Each structure stands twice: as C-alpha cells, then as structure tokens.
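Asker: Model the following, please.
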Amino acid sequence: MRVGEELLPLRIVLRRPPRGVRFALQRGDAAATGDAELASVQEADGERDLAFECTVRVRRTAGDAVRFLGPFAHGPSGARFVYLTVGRRAGQPDSPWDRRAKVPLAGITPALADAALAAPGAVLEAALEGTLKDGSPTCATRPFTEGWAVRRAAGARTSVAPAP
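Answerer: Numbers count the residues shown, from 1 in each chain. So this is what the prediction gives:
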C-alpha cells in the first residue's frame with residue numbers, strides 16, 4: 001500500500017439467511033445524522049446466500065497498521081467494523097426484527113490489504129452465518145464462517161490469509 005489513501009473493495013457473504021428477512025449495509029452514522037442510508041438492500045429467499053459489496057478508504061498508520069475510513073467504516077479507529085442491518089433497520093417495516101450485525105475489519109492486515117490492492121479486480125471477502133441457532137437472523141458481532149481473503153470478481157481465491 002502506498003502512502004496516502006486507497007480504495008479497498010469489500011464483499012460480505014451472508015450464509016443461509018432466514019427466508020423473508022431483509023438485510024442491508026449501513027452507510028453513514030445513524031447516531032450522528034439521525035438517519036443512516038441503506039445500501040445493497042436484499043431480502044433472503046431461503047435458497048441462496050446474500051453478498052454485500054462496499055468500498056472503504058484505507059490509510060497506513062505510523063505503526064504500519066491499516067486505518068479504515070469512509071461511510072461504511074464504523075466504530076473506534078482501532079476496532080472498525082461494517083454494519084449489516086436486519087429487518088426494520090434494513091427498511092422492512094413489518095419485520096419483527098430490528099437488528100444490526102457488526103462485521104469486524106480487524107482481520108484485514110496490511111499484507112492482506114496490499115494483496116487485494118495489487119490484484120486488478122480483486123475484492124476482500126469474508127463470510128458469516130445469516131441465521132442464529134434459534135432460527136432468527138444474525139445480529140451483534142458474529143464470528144466468521146470464512147475470514148477475510150482476497151478473491152477475484154468471479155469468486156476465485158487468489159490468496160488466503162485467514163483472520164487471526
């Protein structure tokens with residue numbers, strides 16, 4: 001990664017989300033603005049996984065760490081995450097669910113960011129379960145089913161670096 005900021009594409013895959021529940025990425029800060037914008041709104045059909053794509057700005061810090069910036073990067077600078085909204089928070093007013101899931105960016109190392117930025121058309125992808133053990137949609141901070149890895153736009157793995 002060069003000095004300055006670069007755009008890093010991310011893909012979050014939601015495995016086996018419950019049918020009839022709407023999910024979306026949260027763009028912006030609802031607490032600061034009173035209303036967050038939704039991006040990539042999708043409703044689960046019970047048949048397929050859902051994929052959400054966004055871009056974050058990345059910048060190297062003094063300790064050679066990666067700092068995540070932009071409207072999709074939420075939380076304190078040392079513990080950034082992407083919000084995946086669920087049910088009412090995803091624009092589904094009749095849903096019994098009003099949740100958000102935090103998708104941590106901490107597993108994206110400088111080497112992993114460099115690998116994604118160096119590969120034309122690459123995206124960093126991680127996957128998590130869309131349904132909790134009780135059958136309800138995912139929420140809170142969830143462990144990954146598959147940690148961050150560099151993928152080509154077509155989905156072929158080009159480099160593997162699991163989250164610590």
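
Asker: Show me what residue 151 is bridged to.
Answerer: residue 123, residue 157 (DSSP bridges).

Asker: Number of residues surrounding it?
Answerer: 23 (other CB atoms under 10 Å). (C-beta placed from N, C-alpha, C; glycine too.)

Asker: My read is that it contacts residue 123, right?
Answerer: Yes. If you go by CB atoms under 8 Å, residue 151 and residue 123 touch, sitting 5.5 Å apart.

Asker: what residues do these two have in common as contacts?
Answerer: residue 11 (CB atoms under 8 Å, 6 or more residues apart in numbering).

Asker: Against residue 78, how distant is residue 60?
Answerer: 15 Å (CB to CB, to the nearest Å).

Asker: my read is residue 120 is in a strand, agree?
Answerer: No. Per DSSP: H, G, I helix; E, B strand; the rest coil, residue 120 lies outside any strand segment and is coil.

Asker: Can you get me a residue count around it?
Answerer: 7.

Asker: Give me the phi and psi for it.
Answerer: Here is the backbone geometry of residue 120 (degrees, to the nearest 10): phi -60, psi 130.

Asker: Quick check: the gap between it and residue 109.
Answerer: Residue 120 sits 21 Å away from residue 109, going by CB to CB.

Asker: what does residue 6 give?
Answerer: Per CB to CB, residue 6 is found 15 Å from residue 109.

Asker: Going along the chain, name the helices of this protein.
Answerer: For the chain, applying DSSP state H gives helices covering 30-33, 110-118.

Asker: which helices and strands does the last one pack with?
Answerer: Read it as helix 110-118. Judged by 3 or more CB pairs under 8 Å, 6 or more residues apart in numbering; DSSP states H and E, the packing partners of helix 110-118 are strand 5-15, strand 50-60, strand 122-129, strand 144-152, strand 157-160.

Asker: Save the ones you listed as JSON lines, and put in mean pLDDT and distance to residue 96 too.
Answerer: Compiled in JSON lines, those are given as follows (pLDDT from 0 to 100; distance: least, CB to CB, whole Å):
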{"stretch": "strand 5-15", "mean pLDDT": "94", "distance to residue 96": "18"}
{"stretch": "strand 50-60", "mean pLDDT": "93", "distance to residue 96": "19"}
{"stretch": "strand 122-129", "mean pLDDT": "94", "distance to residue 96": "19"}
{"stretch": "strand 144-152", "mean pLDDT": "88", "distance to residue 96": "25"}
{"stretch": "strand 157-160", "mean pLDDT": "42", "distance to residue 96": "37"}
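
Asker: could those go into a markdown table alongside distance to residue 94?
Answerer: Formatted as a markdown table, the helices and strands packed on helix 110-118 follow (distance: least, CB to CB, whole Å):
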| stretch | distance to residue 94 |
| --- | --- |
| strand 5-15 | 21 |
| strand 50-60 | 19 |
| strand 122-129 | 24 |
| strand 144-152 | 29 |
| strand 157-160 | 39 |
